[in-house]
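Enquirer: A predicted structure for the sequence below; I have some questions about it.
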Amino acid sequence: MKKDIRKNLQRLTSFLLGLYCSISLLMAQNAAGIDQATSEINSYVDPVSNMIIAIGAVVGLIGGVRVYIKWQSGDQDTQKAIMGWFGACLFLILVGVVIRAFFS
């Protein structure tokens, strides 16, 4: 009876030791993978942020021209168009800035 208990205790101990070693190895591999992914994401942040800001500038210019055309033709909803285009332009510029601030 005592031999069985001792044998089961040795099996349990070896199993727990193997499990601990496996988990620590997996956690070390995950840390290296996370570091690699972080460095790759950080390499893309500046170009993507600059591209979004440039798109926001182009949208602002296009919106300005369209609002000017509406204003010259005498449309009544010029103010609504100004707010829509200005909101879109502001959103794109803020997204570019927030992405840069969040990931850098």
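Expert: Right, received. Where do you want to start?

Enquirer: show residues contacting stretch 89-104.
Expert: With contacts defined as Cβ atoms under 8 Å, 6 or more residues apart in numbering, stretch 89-104 is touched by 41-42, 45-46, 48-53, 55-57, 59-60, 63. To be clear about C-beta, it is placed using only N, CA and C from the backbone, and glycine gets the same treatment.

Enquirer: in that stretch, which residues are buried?
Expert: Residues of stretch 89-104 classed as buried by neighbour count (16 or more other Cβ atoms under 10 Å): 89, 92-93, 95-96, 99-100.

Enquirer: give me the contact list for stretch 49-67.
Expert: 78, 81-82, 84-86, 88-93, 95-97, 99-100.

Enquirer: any idea how far the host helix or strand of Gln36 is from the chain center?
Expert: Element membership for Gln36 (DSSP states H and E) is helix 2-73. Counting by Cα atoms, centre = their mean, to the nearest Å, helix 2-73 is centred 8 Å from the centre of its parent chain.

Enquirer: one more: stretch 77-91?
Expert: Average the C-alpha atoms of stretch 77-91, do the same for its chain, and the two points are 27 Å apart (Cα atoms, centre = their mean).

Enquirer: just the C-alphas of it, formatted as PDB.
Expert: In PDB, the C-alpha atoms belonging to stretch 77-91 read as follows (Å, rounded to 0.1, in the frame of the first residue of the first chain):
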ATOM      1  CA  ASP A  77     -27.800  73.600 -47.200                       C
ATOM      2  CA  THR A  78     -24.300  75.000 -47.400                       C
ATOM      3  CA  GLN A  79     -23.900  75.100 -43.700                       C
ATOM      4  CA  LYS A  80     -24.700  71.400 -43.500                       C
ATOM      5  CA  ALA A  81     -22.200  70.600 -46.200                       C
ATOM      6  CA  ILE A  82     -19.500  72.600 -44.300                       C
ATOM      7  CA  MET A  83     -20.100  70.700 -41.100                       C
ATOM      8  CA  GLY A  84     -20.100  67.300 -42.900                       C
ATOM      9  CA  TRP A  85     -16.800  67.900 -44.800                       C
ATOM     10  CA  PHE A  86     -15.100  69.700 -41.800                       C
ATOM     11  CA  GLY A  87     -16.100  66.700 -39.600                       C
ATOM     12  CA  ALA A  88     -14.700  64.200 -42.000                       C
ATOM     13  CA  CYS A  89     -11.500  66.100 -42.400                       C
ATOM     14  CA  LEU A  90     -11.100  66.600 -38.600                       C
ATOM     15  CA  PHE A  91     -11.800  62.900 -38.000                       C
END
